[in-house]
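Undergrad: task: produce atomic coordinates for the following.
(one chain, ligands or ions: 1)
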Amino acid sequence: MTTAPHPLVSRARQLADDLLAPYAERVDQEGLPESHIEAVKRSGLLGVGAPVEYGGAGAPSAVAREIAEILAGACCSTWFVQTQHHTPVKLLADSRFPVRERLLRPLATGELLSGVAYAQVRAFPRVLVRATPERGGWRFDGTVPWYTGWGLNDVMLLAGVSADDEVVFAATEAREQPGMRPSPPMKLAALTAGRTVSLQLNGLWLPEDALVLRTPQERFALVDRPRNTNVSPAVFGVAYAALGLLESAPDATETARSLRSHLDSVRQQAYALADHPVPHERVDERLALKTRAHDLMRTATTAAIVAVGGRALTLGNRAQRLAREGMFLLIQGQTAQVRQAQLEALRTSVPSMSGESARRE
Ligand SMILES: Cc1cc2nc3c(=O)[nH]c(=O)nc-3n(C[C@H](O)[C@H](O)[C@H](O)COP(=O)(O)OP(=O)(O)OC[C@H]3O[C@@H](n4cnc5c(N)ncnc54)[C@H](O)[C@@H]3O)c2cc1C
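TA: Residues are numbered from 1 along each chain as shown. Have a look, this model is predicted:
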């Protein structure tokens, strides 16, 4: 028996087919147009995990994952800009501060799009952004190395670390303001379209009612650290998109079939673990599946380039775009633990040349 897809999955599919995939190569080269952001805002997808009583869909994680796969497979830049939004929504939904009533509804309904600047707190005990209580609010100083969606999103959720080792999250408008200066948008090997900047913070002051979360760093890390041991659904999205290219090359169908069966199996195991109720358990298994999924994504995007041939190297070609986007996904949300697991897997995956060199001697 087949069940009907969740309405938001159908909407994601339609958005992907009608807008995101047809323009993906152009977006990759020219940047994300405002019209893409407006379409995402109108789609209802920004509220997928948000509480129903605030205008969201309150959909289960499986639905959010399927949507992420569809969007990332169609246009990774659009997926990446909108994926930032889901962290602020989650933090606001869990917030005990008044900002929840002010911002959760417009974020859940897609009236406003939010970005997030928080990867820097993972560098603790190195502090890149210091948050200091001042004049009944919070002052932020330091450098945000990465902030995606500059000029595209409306709200920014900013994180810093206090002198008492608390992680402090506060919401502000995503625009230049006293104490906050953006770099020019970065030119990157992939996802330049997402308008990523770094931010210099020099006495940015935010009022107390901007506060979203204040919690000891240790407690924050306990929840945050295991999150990235799971496979990002975007990895499957890009890998399946590459398989789509392979499947349209007549002599590559066997390669595509074999890769698809491995990918389906890893996906099923990875999502079963992602749904496991204790996020910090079975970490070694999660990391093994993550590195395996990365291997398969790299293989699939490489195979697509081989199958397409010379044309694959033109900047308007889908195969090279997917390969570059796959490269980005290898380091997205990287932590020391994930980095170590990936490097270890890469070390042990190098085929031994000893037999061959022995024969030559
Ligand atoms: C294009 C792009 C856009 C991004 N946009 C955003 C955004 O909008 N918001 C956001 O919050 N983040 C964003 N990020 C950050 C991203 O999600 C990752 O967190 C980031 O790429 C990993 O951090 P880093 O590269 O700055 O590495 P680092 O912080 O240098 O390292 C990552 C981890 O590895 C560890 N590490 C590094 N070197 C070593 C070493 N030699 N030995 C042991 N451990 C080590 C570090 O301690 C850290 O935990 C973006 C990144 C990119 C590339």
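Undergrad: report the buried residues of the helix ranked longest in the chain.
TA: Using DSSP state H, we find that the single longest helix of the chain is helix 283-308. Neighbour counts over helix 283-308 (16 or more other CB atoms under 10 Å) mark 283, 286-301, 303-305, 307-308 as buried. Quick note: C-beta positions are derived from backbone N, CA and C, even for glycine.
Undergrad: repeat that for stretch 30-50.
TA: Buried, per 16+ other CB under 10 Å, within stretch 30-50: 31-32, 36-37, 39-41, 43-50.
Undergrad: low-confidence ranges, the protein, go.
TA: Applying pLDDT under 70 to the chain flags residues 1-2, 353-361.
Undergrad: around the ligand, which positions in the stretch 151-300 of the chain sit nearby?
TA: Those residues of the stretch 151-300 of the chain that sit near the ligand, judged by CB under 6 Å from any ligand atom, are 188, 191, 196.
Undergrad: again, only using 5 Å
TA: Counting by CB under 5 Å from any ligand atom, the stretch 151-300 of the chain comes close to the ligand at residue 196.
Undergrad: next up, the contacts around the closest residue to residue 165 other than its chain neighbours.
TA: Nearest residue to residue 165, sequence neighbours excluded (CB to CB, 6 or more residues apart in numbering): residue 217, at 4.7 Å. Listed by CB atoms under 8 Å, 6 or more residues apart in numbering, the contact set of residue 217 reads 121, 124, 161, 165, 166, 167.
Undergrad: how about residue 146?
TA: Per CB under 8 Å, 6+ apart, neighbours of residue 146: 117, 119, 120, 196, 198.
Undergrad: how far away is the closest residue to residue 31 other than its chain neighbours from the ligand?
TA: Counting by CB to CB, 6+ apart, residue 193 is the residue found nearest to residue 31 once chain neighbours are left out, at 4.9 Å. Going from residue 193 to the ligand by CB to the nearest ligand atom, to the nearest Å gives 10 Å.
Undergrad: tell me the SS of the residue lying closest to residue 119 once chain neighbours are set aside?
TA: Nearest residue to residue 119, sequence neighbours excluded (CB to CB, 6+ apart): residue 146, at 6.0 Å. Applying DSSP: H, G, I helix; E, B strand; the rest coil to residue 146 yields a three-state assignment of strand.
Undergrad: from the ligand, how far out is residue 146?
TA: 3 Å.
Undergrad: ok so, going back, any of the contacts of residue 217 buried? List them.
TA: 121, 161, 166, 167.
Undergrad: how about the contacts made by residue 214?
TA: Here residue 214 is in contact with 166, 167, 168, 169 (CB under 8 Å, 6+ apart).
Undergrad: now do the SS call for it.
TA: Relying on three-state DSSP, one would call residue 214 strand.
Undergrad: please renumber so the chain begins at 38
TA: Got it, the first residue is 38 from now on, which makes the last one we talked about residue 251.
Undergrad: list the beta-bridge partners for it.
TA: residue 205 (DSSP bridges).
Undergrad: residue 242 and residue 174 touch, don't they?
TA: Yes - with contact defined as CB atoms under 8 Å, residue 242 reaches residue 174; the gap is 5.7 Å.
Undergrad: ok, those two, which is more surrounded?
TA: More crowded of residue 242 and residue 174, by other CB atoms under 10 Å: residue 242, with 18 against 15.
Undergrad: the more buried one: what's its closest spatial neighbour, skipping adjacent residues?
TA: Nearest non-adjacent residue to residue 242 (CB to CB, 6+ apart): residue 176, at 5.2 Å.
Undergrad: check which residues of whatever helix or strand the one you found lives in are buried.
TA: Taking DSSP states H and E as the criterion, residue 176 maps to strand 174-185. Neighbour-count burial for strand 174-185 flags 175, 176, 177, 178, 179, 181, 182, 184, 185 (criterion: 16+ other CB under 10 Å).
Undergrad: who's in contact with the first one?
TA: Residues in contact with residue 175 (CB under 8 Å, 6+ apart) are 168, 169, 197, 205, 207, 242, 243, 245, 247, 248.
Undergrad: name the SS class of residue 94, please.
TA: coil.
Undergrad: right, and it touches residue 80 too?
TA: No - Residue 94 sits out of contact with residue 80 when judged by CB under 8 Å, with a separation of 11.0 Å.
Undergrad: of the contacts of residue 175, just say which sits nearest to the ligand.
TA: The ligand has its nearest neighbour among these in residue 197, at 12.0 Å by CB to the nearest ligand atom.
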